[in-house]
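1. take a look and give me a structure for this.
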Amino acid sequence: MQGVIDDDLDDTEGDYIPVHKRHAYTQEHKLVAIDYFKTMWRENIDGTFELLSCRYAARRLKITEKMLRS
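-> So this is what the prediction gives:
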């Protein structure tokens, strides 16, 4: 496991709705966001670990799920 996140955010909470302002992200910034989504693990309440969901990672990065999937 490369990284573990232990916080109170839950996939069932409301989706992040971004402000209607567009930002240009560098290639390095995009690659770091993808790496974060693909390699970070989250600890569940029962002590097991799972990879981050697209929804959870997008909310943590304050971007839309579509941006992360694309």
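2. most distant residue from the centre of the protein?
-> Most distant from the centre of the chain: residue 46, at 20.9 Å, with distances by Cα atoms, centre = their mean.
3. tell me the SS of that residue?
-> The three-state label given to residue 46 by DSSP: H, G, I helix; E, B strand; the rest coil is coil.
4. can you tell me which residues contact it?
-> With Cβ atoms under 8 Å, 6 or more residues apart in numbering as the criterion, no residue contacts residue 46. Yep, even glycine has a C-beta here, placed from its N, CA and C like the rest.
5. pLDDT at it, what is it?
-> pLDDT recorded at residue 46 is 91.
6. tell me which element the closest residue to residue 49 other than its chain neighbours falls in.
-> The spatially closest residue to residue 49, leaving aside those adjacent along the chain, is residue 41, at 4.6 Å (Cβ to Cβ, 6 or more residues apart in numbering). Assigned by DSSP states H and E, residue 41 belongs to strand 40-43.
7. now that strand: buried residues?
-> 40-42 (16 or more other Cβ atoms under 10 Å).
8. which stretches of the chain have low pLDDT?
-> 1-20 (pLDDT under 70).
9. how near is the residue positioned nearest the centre of it to residue 37?
-> In the chain, the centroid-proximal residue (Cα atoms, centre = their mean) is residue 57; its distance is 0.9 Å. Between residue 57 and residue 37 the distance, using Cβ to Cβ, to the nearest Å, works out to 4 Å.
10. likewise for residue 28?
-> Residue 28 is 15 Å from residue 37, where distance means Cβ to Cβ.
11. more neighbours: these two, which one.
-> Set residue 28 next to residue 37 and count neighbours by other Cβ atoms under 10 Å: residue 37 wins out with 19 against 8.
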